[in-house]
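Trainee: This is a predicted model, with the sequence first.
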Amino acid sequence: MSQEIPVQNVEKSFSPALRASDADRDRVTELLRAAVADGRLDLAEFDERLDAALSARTIDALAPLVTDLIPVPGGLGGPAVRAEPAAGLLTIKERHGTVRRDGRWTLPRRLALRTAWCEVLLDLTSAVHSTPELVIELRVSGGDVELVLAPGMVVDANELSVRHGTLAISGDTGGKAPERLRIRLTGRMRHGRLGVRWQAPQP
């Protein structure tokens, strides 16, 4: 069943010059993903609109990206459009520093990575997860991001836009363990490197 999220009357809900927040951009991104899932946008349109959404600075720039998708009352940011519960979303923000998550930490449903010229290590090998999919949405400028995965974790990077950067996914997935966690990479990376590798299975 497709998810219907109100998007019209945006102009009535906000001043056009109002600056867009990360939450505003995240809501538009979810609308675009829902539109792809039920066939209202093709992948080329999705990529174009996603790139525009992630770089939008104002509500006025976000509104045209979704106003033709679902004509239901409410409006972008209105009461019918709700962010995910805090427990389902983890946002990591850092500039010119180091980010490290490893050991036994709890994975959210969505992880938003907002970094600029940072060294980032996300080690999921001992992480605890309660859902079959983890969405990592990147808005990364410069620096290195490294994902360390356990056997049975699968990566889908089809929704990730990389420009002037490098995406390196190891060909060795660490054995033939059954799939236990799908990691979906979305968003964009500019002038950086994203590496994905699997930890060797324990003997």
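Mentor: Cool, got the structure. What you see is a predicted model, and the numbers here were worked out from it, not measured in a lab.

Trainee: Could you list everything residue 183 pairs with in the sheet?
Mentor: With beta bridges defined as DSSP bridges, residue 183 has these partners: residue 134, residue 155.

Trainee: was I right about it contacting residue 156?
Mentor: Yes. Counting by CB atoms under 8 Å, residue 156 is a contact partner of residue 183 at 7.0 Å. (Each C-beta comes from the backbone N, C-alpha and C, glycine too.)

Trainee: Which secondary structure state does residue 100 sit in?
Mentor: Following DSSP: H, G, I helix; E, B strand; the rest coil, the label given to residue 100 is strand.

Trainee: On the strand side of things, show who the closest residue to it other than its chain neighbours bridges to.
Mentor: Nearest non-adjacent residue to residue 100, counting by CB to CB, 6 or more residues apart in numbering: residue 121, 4.8 Å away. Under the criterion DSSP bridges, residue 121 forms beta bridges with residue 100, residue 146.

Trainee: picking that back up, and residue 183 and residue 156? Which one has more around it.
Mentor: residue 183 (21 against 13; other CB atoms under 10 Å).

Trainee: The more buried one: what's it in contact with?
Mentor: Shown in contact with residue 183 (CB atoms under 8 Å, 6 or more residues apart in numbering): 124, 133-134, 136, 147, 149, 153-156.
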